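Asker: Predicted structure and sequence below. I'll ask about it afterward.
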Amino acid sequence: MQPEMLIKLVVLLPLIGAAINGLGGLFVPALRNKEGLIGMIGTIMVLLPFLITVYLFIGFQGDAIISNAFTWMAAGDLTIGFDYRIDELSLLMTMIVTGVGSLIHLYSAGYMHGDDGYWRFFAYLNLFIFAMLNLVLGNNLVVLFLGWEGVGLCSYLLIGFWYKDRNNSKAASKAFIMNRIGDFAFLLAMFIIFREIGSLDFDAVLTDGLTMSQGSITATVLLLFIGATGKSAQIPLFTWLPDAMAGPTPVSALIHAATMVTSGLYLLARLSPLVLMAPGVMTVIAIVGAVTALVAATIAITQNDIKKVLAYSTVSQLGYMFLATGVGAFYVAIFHVMTHAFFKGCLFLGSGSVIHGMHEVEHELEHDGHGHHLDPQDMRTMGGLKKFMPATRMTFLISTLAIAGIPGLAGFFSKDEILFKAFEAGTHGIDVGLVVWVVGLITAFLTAVYMTRAYVLTFEGEPRWPHADKITPHESPWTMTVPLWVLAGMSVVGGYLGIPAVIAHGDLNWIHHWLAGEQGPVAEAAFEGHVALAVEWGLIALGSLIAIMGVWLGWRWYSKRGLSFDEKLAARFGGLYKLWQGKYFFDEAYDKTIVRPLIGGSIHGLAPFDKYVIDGLVNFTGFFTRGASFTLRYLQTGLVQSYAVAIVFGVVLLIWLMLF
Amino acid sequence: MDLSQAYSMMMTDLGATLFLLIVAVSGLVLVVFDAFKPRHVATPWIAGLALSAGFVIEMMSIGAPEGLAWYDMMRTGGSAAFVNSLVLGSGALSIILTVPYLKKIGHNIGEVYAMILFATVGMLVLGAANNLVTVFVGLETMSICLYILTGFVRSESGSTESALKYFLLGAFSTGFFLYGIALIYGATGSMEFGAIRIAAEQSAGVMFWGGVSLLLVGFLFKVSAAPFHMWTPDVYQGAPTTITGFMSTASKAAAFAALVVVLWKALPAERWADVLAVFAVITMVIGNVIALSQQNIKRMLAYSSIAHAGYVLVGLASGSQAGYSGALFYLMVYTIMNIGAFGVLALLEWDGKEGSEQTLESLAGVGYRKPFLGWTMAVFMFSLSGFPPLAGFLGKWAVFAPAIDADLVWLAIIGVLTSAVSAYYYLRVLVVFFMKPEGENSPMAEHSFDIPRSSAAVLIACVVLLVVFGVTTFALDVTSGFFAADTVTQFLG
C-alpha cells in the first residue's frame, strides 16, 4: 500500500481502539469486565501502527511524504489541512511512541488487572497514542497543536484516573493548568508566525519563516520554548510532573517519561532551523536546561518515594536534553529522547512491578490483621526485593546502570554526546557551553548516585516491611516482565545507534546521519574546525569515570549504611539538604506570589465587578427589553379595526419610502 | 398555430406541471369521495399519497433547467421545482401529523384533507408563477382555503373568530395587491415578469413604483411582516395546531418564493432594497420583542414566525444572488423547524381546546414525562434560535452574510442582535420543559397519552434533516445554483 494511506492507518487505529473500548465500556456494561479482550484490543491497536511504521521506515527513500487526510479549515487566507508528514524525524518519533507504547499497553494489561476502570484506562491510553501521533506526524503547527492539547487532555484524564481520591484530581488539575500556561505561549508563537508569513505549514515556516525579522524570530522561538517548558517540565513550569505520579505507573512510564514530556524537544527539533536563528534564546534554553537538570537531580537524592525519585530524574534528564538543544545539538537531544524512553520506561515499569509486589504485601498485612499502614511506594519499607522479584531486579539494575552512563549501555552514548556537544560549543566561542558542560558533569555524577541509591534501597539489603519473615511479595506476571526485558535489552543496545565521532570519523553515528544528514529534517549548529581527537577521548574517559565513580560511591554508601546515610547527608549539608528536601520550595513560592494574590484579587476585585457592573448591565438590558415587550404587546388589541389601521399605516410608510 | 400543434404543446405543458394536476384532481376526487364515504380511513391516505407523488416528481426536477409552461404563465424546474417540493413536502408531513390530531380533538372532518390539497394547489401556482395574474390566482386560491382551514372547528369560538379576522384582513390586503397589479399593468402594459422589467428599465415613473409598493403590501401581508402582521398571532393561535404548522410554513414559503421571483425577474434593481431593509428591521424587532412576553407557546411561535419573516427579508434586501438563494434555503430550514415545533405542540394538547389555553406553566416538566417530545423540541428550539451545528444557524448565515456583502452591515447587526433576544424565549420553553417541576394542578399530570408512530417518525425526520442541513452545505449549493448569472442572462436573452 501507499505510504500516504498507511500513515493514516497508523493514526487512525489507536483512535478506533479508543472508540471501541471507550464507547463499548460506556454503553455495554457487560463488556467492562472482559479484561482480556479490552487489553488485547488496546495493545493491538498500538502494535499494528508500530509494525506499519517499521515497514514505512524500511521503505523510506529519503524524501518527505505528505499525506493529506482532509482540509480541516479554510477561512479567508488561512487554509489548514489535516496533513501528516513522513520524514526521518517523524518516523523515529512514531516508532518510539508506538513501540514503547505497545510494550506499556501490554504491561498495563497485567498491572491494571482487577481495576474497576480497566476499560476506561485502555480507552484513555489509546486516545493518548492517537493524540501523540498527531503531535509527531502533523505537517503543520495546528495539527501539532491539536495533538499537543490532546496529550495534555489524556495526561489530565490519566493522572486523575483514580479520581475518587481528591489529591489525584488536584494533581491532574495542576498538570493541566501548568500546561495551559505553556500552551498559551505556544499559541502566541503561532499567531506571530501566521501574522508574519501567513502559513503554519512546516515547509513554509522553515523557508519563509527564516526571513522574518530578527525580533519576530526571537519572540517566536522564545514563546515556543516557554510552551515547551510547560509540556516538558522545565523550570519554571516543572512542578506538575512530580505530582503527576498520582496516576497509575504505566501512565508515568508512557506519558511522563517516554513520550509526552519529550514533545517540547520534538517541537524545537522540528523547527531547528528557526531556533538556530535565535542564538540569544538558545543560550536561555541551555541555561534553563542545565539548571533544571541540576535542581531536579539534587531533589531526587532526597526523595523516598520510588516514583518521585524517577519523576525528578525525568525532569533532570529532560533538562539534559534541553541543554543539548541549547547548544544546537538537536539530533542529540532526540537521541537522548530515544534512549531515555528505553531506560526510564524500564525503570518506571520496574517501579510499577515493585509497587505491584508491595501492594500484595500491604493487602496480606491488612488481611492478617496487623493493621499496619504500608505505603507501597516508600523505599524505606522495601529492601531485599531481589530475592522475590528477580526479573524486576535485573531489569531495574540494567536500566539504572544505563541511565547512570556506564560505558557500553545506552545512556552512556547519548549523555556523552550531549556533554561533548556542550564542550565543543564552549570551545568554539559559545561561552555558555563550558558552563553547562560543567553543570552537566556534576549532574551526571548526581544521577549515578541517586539512581544507585534507589536501586540499593529497593532491592539490596534486608527487607524492611513489617513481618517480613512471613509475608513476602511475588514476581509480577509475564505480561509485565516481558516489556521489562525488552526495554532493558533496548537500554543495552539502543546506544549503538549513535556511536561517537571518535570511532570511524562518525561514519557509524547512524542517528546523526539519519536526522541531521544532508537531507535530514534536523539542523545543527556548525562550528569551524574540530575538537582534537585526544581531547575527545579524554572527555569520554572523564564521562565514564564520573559515571563509574557515582555508581561505586552510591553503592558503597547505601549498601553499607542503608537509610542512615541519608541522615548523614542531611547533617553534612544542613540547610542545603533541607532546600533539596523541600524541592527548592517552588510550590510554596508559586502559592504565595501567584496563586494567592490571584484568588484574592478575584474575590475582592473581579467578583464584585462581575456581580455589579457586568451583571448589572446584562440585567438592565434584559429588563429593558422585557419592558419594551410588555408595552408593545398592548398594540395587539384583538380588534380587527385596529389591525386594519396598522396596515394602512404600513401602506403609507411603504409608499412614502418607495417614492421619496 | 394549428390544432395539432396546440395539442402537442398542451401535452408538453401538462407533463411539466403534472404535480399540479395530480394534487388538484386528487382534491376533487376527495370531495366526492368524502360525500359518499364520510370520515373514511382512506381519505388522508389519498391526500398524503397525492402530495408525496407530487413531492417526488418535483424533487426529481430540481436539477432540471428553468423553463416556462402554459404560454409563459408558469415556471418549471430549478427554483420553481425547489419551492414546489418544499410546499408539497410540508403538506405531506402536515397530513401525517393531522390525522391523529383530528382524532384527538374529535373533529374528524374529511373535507380538511381536500382543503389542504386545494390550498397546496394555490401555493404551487403562487410559487411557480411567472405572471402577475398567475400570482394573484395562486394567492387567492391559497388564501380562501386557509380561511376555511383556520375556522373548520366551528364549535370553537377562538377558531371561528380568527378565521373571520383572517378573512377580513386578507380581503383588505388583496385590494391593495390587485390595485398594485393594475397600476403596474398601466405603467408597463404587461403582466409577465420579464416584460415588466424590460418596460420598467426604459421608463419607470410614480405610477410604476406606486404599483410596486401596493404589490409589496400584499406580499408583506401574506408573509406576515410588520406592520402587516397583526392577524398572525390571532390566527396562528386560533387555528388547529397542525394547520398552523402547515400555513405558517408552506404558505409563507410560497409567498416568499413569489416575492423573490418578482424582485429577481420583474423589478429593476433599484429603490426597493432599502425599503425592504426598513421593513425587515421593523419585523425583526416587533416579532422578537413581543414574543418575549408571550405566555402561550403557540402565540409565541406566531411572533417567532414574524421574526423569521424579518430574517428572510434581510436576505432579500441585499438584492443579490446570494441573498435570494439564502432566502430560499432559509425558507426550507424554517419549514422543517416549524413543522416539527408545531407537531410537538399538537401532541401536547390535552383539553381539546386546540392549544388556545396552552400556557408555559401548564407544560412544566413535560420533558421528563415525555422525553422524546422534550428532546425533539429542544432540537427545534435550538435550531430556531440559530445554534450551530443545526440548520437554523446555517440559514441565518445564508441570509445575513449577503446583507454584509451588500454593505448593509447595520441590518445584519440588528438581525443578529434581535436573534440574540430570541434565544430567551426559545430557551425558556426548554427551561419550562426540563427545569420546572410539574405543578400540582398541571393538566398534563392527569392526562397521559401515547405518541403515534407516524408523528414520531415525522419529528425524527425533521430532527435528522436539521442536523444534515446544518453540517452540510449541499442544499445551499443547490439554491445558489438557481440564481447563477447564466440563468439570468438566459432568461433575459
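Answerer: All right, it came through fine. Keep in mind that what you see is a predicted model, and the values were worked out from it rather than measured.
Asker: those strands in the chain, which residues are they?
Answerer: You didn't say which chain, so I picked chain A. Remark: strands assigned in chain A by DSSP state E are A:65-75, A:78-86.
Asker: think we crossed wires, I meant chain B
Answerer: Using DSSP E, strands in chain B cover B:67-69, B:74-76.
Asker: Flag the shaky bits of the chain, pLDDT-wise.
Answerer: Because you didn't say which chain, this covers chain A. Filtered on pLDDT under 70, chain A yields the residue ranges A:1, A:370-372, A:504.
Asker: Please refer instead to chain B.
Answerer: B:1, B:350-357, B:439-448, B:485-493.
Asker: Can you say which of the strands of chain B is packed in most?
Answerer: strand B:74-76 (a mean of 25; mean count of other CB atoms under 10 Å in any protein chain shown). Glycine gets a C-beta too; all of them are placed from N, C-alpha and C.
Asker: for that one, packing partners?
Answerer: strand B:67-69 (3 or more CB pairs under 8 Å, 6 or more residues apart in numbering or on different chains; DSSP states H and E).
Asker: Please list the residues outside the strand it packs on that contact it.
Answerer: B:12, B:13, B:16, B:17, B:74, B:75, B:76, B:77, B:78, B:130 (CB atoms under 8 Å, 6 or more residues apart in numbering or on different chains).
Asker: Just the buried residues out of the residues you listed, in PyMOL syntax.
Answerer: Selection command for PyMOL covering only the buried members of these, criterion 16 or more other CB atoms under 10 Å in any protein chain shown:
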select buried, chain B and resi 13+16+17+74+75+76+77+78+130
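Asker: Adding mean neighbour count and distance to residue B:476, write the strands of chain A out as a markdown table.
Answerer: Conversion of the strands of chain A to a markdown table gives the following (neighbours: other CB atoms under 10 Å in any protein chain shown; distance: least, CB to CB, whole Å):
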| stretch | mean neighbour count | distance to residue B:476 |
| --- | --- | --- |
| strand A:65-75 | 13 | 16 |
| strand A:78-86 | 20 | 20 |
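Asker: could those go into TSV alongside distance to residue B:57?
Answerer: Formatted as TSV, the strands of chain A follow (distance: least, CB to CB, whole Å):
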stretch	distance to residue B:57
strand A:65-75	36
strand A:78-86	41
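Asker: Now the closest residue to chain B within the stretch 51-200 of chain A: closest residue in space, sequence neighbours ignored.
Answerer: Closest approach between the stretch 51-200 of chain A and chain B, counting by CB to the nearest CB: residue A:74, at 12.5 Å. Leaving aside its sequence neighbours, residue A:74 sits nearest to residue A:80 (CB to CB, 6 or more residues apart in numbering or on different chains; 7.6 Å).
Asker: Also residue A:484?
Answerer: Nearest non-adjacent residue to residue A:484, counting by CB to CB, 6+ apart: residue A:395, 4.2 Å away.
Asker: for residue B:345, same thing?
Answerer: residue B:241 (5.4 Å).
Asker: And for residue A:105?
Answerer: The spatial neighbour of residue A:105 that comes closest, neighbours along the chain excluded (CB to CB, 6+ apart), is residue A:43 at 4.1 Å.
Asker: how many other residues sit next to the one you found?
Answerer: 24 (other CB atoms under 10 Å in any protein chain shown).
Asker: where do the helices sit along the stretch 101-250 of chain B?
Answerer: In the stretch 101-250 of chain B, the helices defined using DSSP state H, counting those that start in this stretch lie at B:111-127, B:132-150, B:157-188, B:193-202, B:206-222, B:231-238, B:241-246.
Asker: Put the alpha carbons of the fifth one into CSV.
Answerer: To tie it back to what came earlier, the one meant is helix B:206-222. Taking C-alpha atoms only, helix B:206-222 is exported to CSV below (Å, rounded to 0.1, in the frame of the first residue of the first chain):
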residue,chain,number,x,y,z
VAL,B,206,-44.6,57.2,-10.0
MET,B,207,-47.3,55.0,-11.3
PHE,B,208,-45.0,52.0,-11.6
TRP,B,209,-43.3,52.4,-8.3
GLY,B,210,-46.7,53.1,-6.6
GLY,B,211,-47.9,49.9,-8.1
VAL,B,212,-44.9,48.1,-6.8
SER,B,213,-45.5,49.5,-3.4
LEU,B,214,-49.0,48.2,-3.3
LEU,B,215,-47.9,44.9,-4.7
LEU,B,216,-45.4,44.6,-1.9
VAL,B,217,-48.1,45.4,0.6
GLY,B,218,-49.9,42.2,-0.5
PHE,B,219,-46.8,40.1,-0.2
LEU,B,220,-45.7,41.6,3.1
PHE,B,221,-49.2,40.8,4.4
LYS,B,222,-49.0,37.2,3.3
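Asker: who's in contact with residue B:30?
Answerer: Applying CB under 8 Å, 6+ apart, the residues near residue B:30 are B:43, B:46, B:47, B:110, B:113, B:114, B:117.
Asker: quick one: the residue in the stretch 51-200 of chain B that chain A sits nearest to from residue B:116, how far?
Answerer: Relative to chain A, the nearest point of the stretch 51-200 of chain B is residue B:165 (5.0 Å; CB to the nearest CB). Distance of residue B:165 to residue B:116, computed by CB to CB, to the nearest Å: 21 Å.
Asker: ok, those two, which is more surrounded?
Answerer: Higher neighbour count among residue B:165 and residue B:116: residue B:116, with 30 against 22, using other CB under 10 Å.
Asker: Return the residues of the stretch 501-650 of chain A in contact with chain B.
Answerer: For the stretch 501-650 of chain A, the residues in contact with chain B (CB under 8 Å from any CB of the partner chain) are A:622, A:625-626, A:628-630, A:632-633, A:635-636, A:638, A:640, A:642-644, A:646-647, A:649-650.
Asker: since we're on residue A:156, how many residues are nearby?
Answerer: By other CB under 10 Å, 22 other residues sit near residue A:156.
Asker: right, I mislabeled it, should have said residue A:219
Answerer: Neighbours around residue A:219, by other CB under 10 Å: 17.
Asker: which residues touch it?
Answerer: A:189, A:192.
Asker: Can you tell me which of the contacts of strand B:67-69 is nearest residue A:252?
Answerer: residue B:78 (64.4 Å; CB to CB).
Asker: distance of the residue most central in space within chain A from residue A:175?
Answerer: Residue closest to the mean C-alpha point of chain A, counted by CA atoms, centre = their mean, is residue A:261 at 1.5 Å. Using CB to CB, one gets 11 Å for the distance from residue A:261 to residue A:175.
Asker: can you list residues touching both of these two?
Answerer: residue A:241.
Asker: now for the lengthiest helix in chain A, which elements pack on it?
Answerer: The helix spanning the most residues in chain A, taking DSSP state H as the definition, is helix A:330-367. Applying 3+ CB pairs under 8 Å, 6+ apart, we find helix A:330-367 packed against helix A:88-111, helix A:249-253, helix A:263-270, helix A:306-326, helix A:390-404, helix A:410-426, helix A:478-493, helix A:510-516.
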